[in-house]
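Enquirer: got a structure for you, letters missing:
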């Protein structure tokens, strides 16, 4: 049985690195209270720890540390070519946490960051200030693009803060992407029709092989069922699809399993997308030598590494055919190279 996010948090973060300037911040005090047995190390800037040279991402993944910091500069970034903006007029992602509780072999964060430790920026209110000037137009913000905010909600409460902020602005839409089963964090919050909870789902064999420390498929599906019952808008994401020798069995069976438990009419979209990553991030993954995912002979075009076009087309065609059994075309979203 895999541990819950809450139990993961209690065994993680043996050390807390805290920027001197935020030692007396109310959020800092609340977080320190949760980790009373952790060693506290005061630093001047998070980069002293997070960006130092000669770090081992693999070793740190087994013993993550928490760094509390104040973010300087931009919280908001334009949505990338690797993600779907769902036709919203403006699409941003927010970077309020660096690093993820989970440890998925195919995650681009391994190539993006020099460290597997987690940086939590406590000044989320500055993200809201940066966003306000854009809210005269239809705007989508992905709040968990570089992390899984719901997985660490008991520590950060950032999901709640985002939801409270979104309730004030009729033009603001949120996507909260997660692999967490932490539905309890949302039970005391009134659902917002402009907020979509998006669960990433994979066959259990893929979870066991590549999605380390994440909840099982069944736990995620149970969380989806409960979220729908609570009145939340839900999107399901089979993305990224990892092409394996038994792909033809694993992924169609996953779709059948999903809709044996969940009414297709209850979900907003099913999104499908094959593995993709910038070439630079993939090079970094190869250097880590942690997983066979990094060493597939991908095709590279315009700095994007994906499966060869014939395989990518086959993946999406096969899953599209299976998804068609349950959903109309307009509610099936696919990501494919342009």
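Expert: Good, I have the coordinates. This is a predicted model, so every value here is computed, not measured.

Enquirer: the helices in this protein, which residues?
Expert: 5-11, 26-34, 47-50, 57-61, 109-112, 124-131, 153-156, 158-166, 204-210, 217-230, 247-261, 279-288, 309-324 (DSSP state H).

Enquirer: Looking at the ones you listed, which is nearest to residue 183?
Expert: Closest approach to residue 183 among those is made by helix 217-230 (4.5 Å; Cβ to Cβ). The C-beta positions use only the backbone N, C-alpha and C, and glycine is treated the same way.

Enquirer: so what secondary structure elements neighbour the closest one?
Expert: Contact analysis of helix 217-230 by 3 or more Cβ pairs under 8 Å, 6 or more residues apart in numbering; DSSP states H and E lists strand 195-200, helix 204-210, strand 233-241, helix 247-261 as its packing neighbours.

Enquirer: What residues sit buried inside that helix?
Expert: 217, 219-221, 223-225, 227-228 (16 or more other Cβ atoms under 10 Å).

Enquirer: Ok, stretch 284-297 next?
Expert: Quick answer for stretch 284-297 (16+ other Cβ under 10 Å): 284-285, 290-291, 293-294, 296.

Enquirer: Tell me the span between the first and last residue of that stretch.
Expert: 15 Å (Cα to Cα, to the nearest Å).

Enquirer: coming back round to it: turn the helices and strands packed on helix 217-230 into JSON lines, including mean pLDDT and mean neighbour count.
Expert: Shown next, in JSON lines, are the helices and strands packed on helix 217-230 (pLDDT from 0 to 100; neighbours: other Cβ atoms under 10 Å):
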{"stretch": "strand 195-200", "mean pLDDT": "97", "mean neighbour count": "22"}
{"stretch": "helix 204-210", "mean pLDDT": "96", "mean neighbour count": "18"}
{"stretch": "strand 233-241", "mean pLDDT": "96", "mean neighbour count": "23"}
{"stretch": "helix 247-261", "mean pLDDT": "98", "mean neighbour count": "16"}
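
Enquirer: got the ones you listed as JSON lines, with distance to residue 168 columns?
Expert: Formatted as JSON lines, these follow (distance: least, Cβ to Cβ, whole Å):
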{"stretch": "strand 195-200", "distance to residue 168": "13"}
{"stretch": "helix 204-210", "distance to residue 168": "37"}
{"stretch": "strand 233-241", "distance to residue 168": "18"}
{"stretch": "helix 247-261", "distance to residue 168": "34"}
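
Enquirer: Can you say which of the ones you listed is nearest to residue 19?
Expert: The nearest among these, by Cβ to Cβ, is strand 195-200 at 30.9 Å.

Enquirer: now for the closest one, which elements pack on it?
Expert: Strand 195-200 packs on strand 172-178, helix 217-230, strand 233-241, going by 3+ Cβ pairs under 8 Å, 6+ apart.

Enquirer: Residue 210 is nearest to which of the ones you listed?
Expert: strand 233-241 (9.8 Å).

Enquirer: list the helices and strands the closest one packs on?
Expert: Against strand 233-241 (3+ Cβ pairs under 8 Å, 6+ apart) you get strand 195-200, helix 217-230, helix 247-261, strand 269-274, helix 309-324.

Enquirer: Mind pulling the model confidence for the spatially closest residue to residue 108 that is not a sequence neighbour?
Expert: Leaving aside its sequence neighbours, residue 108 sits nearest to residue 281 (Cβ to Cβ, 6 or more residues apart in numbering; 4.6 Å). According to the prediction, residue 281 has pLDDT 87.

Enquirer: just residue 51 next, same as before
Expert: At residue 51, pLDDT is 86.

Enquirer: Make sure it is actually in contact with residue 115.
Expert: Yes - the criterion here is Cβ atoms under 8 Å, and residue 51 meets it with residue 115 at 7.3 Å.

Enquirer: Looking at the two, which one has more neighbours?
Expert: Comparing residue 51 with residue 115 by other Cβ atoms under 10 Å, the one with more neighbours is residue 115, at 22 against 13.
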